[in-house]
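Colleague: Structure here, sequence nowhere to be found:
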């Protein structure tokens with residue numbers, strides 16, 4: 001199981017994603033809700049940082065995800081924020 005350092009605010013909550021890796025092992029990752037999003041049939045989440053302090057984003061196809069659990073009070077607001085951040089990161093990667 002991978003535990004990403006979280007600075008969870010009570011109203012934000014966390015998300016745990018369980019998915020199959022290429023070696024057919026299961027991996028479980030817990031992140032803040034604003035660090036995970038569903039976009040273009042993939043789950044995207046911050047998986048750590050590189051040596052420059054930039055987020056490393058893991059993109060997992062929906063077919064490999066067993067489930068995602070979320071604990072949150074304000075899901076709609078959190079989802080919109082996460083989606084905007086994920087879109088921005090994907091646009092940055094495309095450049």
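Modeller: Yep, it's here. Fair warning: this is a prediction, and the values are worked out from it, not measured in the lab.
Colleague: how about the nearest residue to residue 41, chain neighbours excluded?
Modeller: residue 62 (5.1 Å; CB to CB, 6 or more residues apart in numbering). Using the backbone N, CA and C atoms, a C-beta is placed for each residue, glycine as well.
Colleague: distance of that neighbour from residue 92?
Modeller: Noted for residue 62: a distance of 23 Å to residue 92, by CB to CB, to the nearest Å.
Colleague: can you pull out the strands in this structure?
Modeller: With strands called from DSSP state E, the chain shows them at 2-3, 14-20, 26-32, 36-39, 42-49, 55-61, 65-71.
Colleague: out of those strands, which comes closest to residue 85?
Modeller: strand 36-39 (7.2 Å; CB to CB).
Colleague: ok, the closest one: who's next to it in the sheet?
Modeller: strand 42-49 (antiparallel) (DSSP bridges).
Colleague: Can you mark which positions in the partner strand are buried?
Modeller: When burial is assessed from 16 or more other CB atoms under 10 Å, strand 42-49 yields the following buried residues: 42-47.
Colleague: possible to save those as TSV with pLDDT and distance to residue 27?
Modeller: What follows is the buried residues of strand 42-49, written out as TSV (pLDDT from 0 to 100; distance: CB to CB, whole Å):
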residue	pLDDT	distance to residue 27
42	96	15
43	96	12
44	95	15
45	94	11
46	89	14
47	87	10
